[in-house]
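J.: sequence below, structure please.
(2 chains)
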Amino acid sequence: MNRAQKGAWLGLTVSVLLLLVWFFKSTVVGRRSWMLDLFGLLAVLGLTGSLLIFFRRKQSRAEVDSDERDKLISRRALIATYFFLWCLLIAICVIPQFVIGQEHRIPLGVLPLVLFGIMIICNLVYSAVILVQYGRGGKGGE
Amino acid sequence: MANNERKNQIRRLRFENGEMTQQRLADAAGVTRQTILAIEAGKYAPSLPLAFRIARTFGMRVEDVFQYSDEGS
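T.: Just a heads-up that it's a prediction; the model follows:
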């Protein structure tokens, strides 16, 4: 497993954990639980800190971290995420108008949550697309 | 429709060159071991500069390492 795959696994794990905490907080526990906020923050910080253990040292000086295939995979994942982001933004703009109507309002506090959610979901998609490509052997350059 | 087929002799050449490991070839070519693995398995087509670097590692020409047949065109 190379550095890009490890990074993608980490990104996927953090995103899924954040979404789970978010879902759990908004459905089961309720919105006013600072304990869960703290738990979520600690989980993210802990996982970010594990980067130091996660990435092994190079076996030789000549060993490279990434190459042209990794860049190609990363670029494709970025394009897929960009496409997904546009679909998500269109859905977020259009669907609520049909569901709750144009005259309704949403609390101001929801906006940062929506933006944060978009960031998490995009990170999840990016990581997943990278892992799928490596799983398929990183076909490319054809 | 054209039937394209890529082949390479990397695996054979590695063993003919003192059983060179994939990691050693990767270090010499400036790529990761996974990329050498993918090229060997025919799952990834390397760029021209990388193909040259791999061929030069074995002291051979590109066409001796990589073959491409384009039947039907």
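
J.: could you use CA atoms for every contact and neighbour count after this?
T.: Noted.

J.: where does pLDDT dip in chain A?
T.: A:28-40, A:44, A:46-60, A:136-142 (pLDDT under 70).

J.: nearest the geometric middle of it, what residue?
T.: residue A:123 (2.2 Å; Cα atoms, centre = their mean).

J.: how close does that residue get to chain B?
T.: 24 Å (Cα to the nearest Cα, to the nearest Å).

J.: tell me where chain A has strands.
T.: For chain A, strands defined by DSSP state E do not occur.

J.: counting contacts, what elements does the longest helix along it pack onto?
T.: Criterion DSSP state H: the longest helix present in chain A is helix A:68-99. Here helix A:68-99 touches helix A:110-135, going by 3 or more Cα pairs under 8 Å, 6 or more residues apart in numbering or on different chains; DSSP states H and E.

J.: now do the longest helix seen in chain B and helix A:68-99, the angle between them.
T.: Secondary structure of chain B read by DSSP H shows that its longest helix is helix B:48-57. If you take axes from the mean of the first three to the mean of the last three Cα atoms, to 10 degrees, helix B:48-57 sits at 150 degrees to helix A:68-99.

J.: distance between helix B:48-57 and the chain's centre?
T.: Here helix B:48-57 is found 8 Å from its chain centre; the criterion is Cα atoms, centre = their mean, to the nearest Å.

J.: cool, stretch A:67-85 as well?
T.: What separates the centre of stretch A:67-85 from the centre of its chain is 14 Å, taken as Cα atoms, centre = their mean.

J.: dump it to PDB, keeping only the CA atoms.
T.: Provided in PDB are the C-alpha atoms of stretch A:67-85 (Å, rounded to 0.1, in the frame of the first residue of the first chain):
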ATOM      1  CA  ASP A  67       4.800   8.800  -9.400                       C
ATOM      2  CA  GLU A  68       3.000   9.500 -12.700                       C
ATOM      3  CA  ARG A  69       0.400   6.700 -12.000                       C
ATOM      4  CA  ASP A  70      -0.400   8.100  -8.600                       C
ATOM      5  CA  LYS A  71      -0.800  11.600 -10.100                       C
ATOM      6  CA  LEU A  72      -3.100  10.200 -12.800                       C
ATOM      7  CA  ILE A  73      -5.300   8.500 -10.300                       C
ATOM      8  CA  SER A  74      -5.400  11.600  -8.100                       C
ATOM      9  CA  ARG A  75      -6.300  13.800 -11.100                       C
ATOM     10  CA  ARG A  76      -9.200  11.400 -12.100                       C
ATOM     11  CA  ALA A  77     -10.400  11.300  -8.500                       C
ATOM     12  CA  LEU A  78     -10.300  15.100  -8.400                       C
ATOM     13  CA  ILE A  79     -12.400  15.300 -11.700                       C
ATOM     14  CA  ALA A  80     -14.900  12.800 -10.300                       C
ATOM     15  CA  THR A  81     -15.200  14.700  -7.100                       C
ATOM     16  CA  TYR A  82     -15.600  18.000  -8.900                       C
ATOM     17  CA  PHE A  83     -18.400  16.500 -11.000                       C
ATOM     18  CA  PHE A  84     -20.000  15.100  -7.900                       C
ATOM     19  CA  LEU A  85     -19.700  18.400  -6.100                       C
END
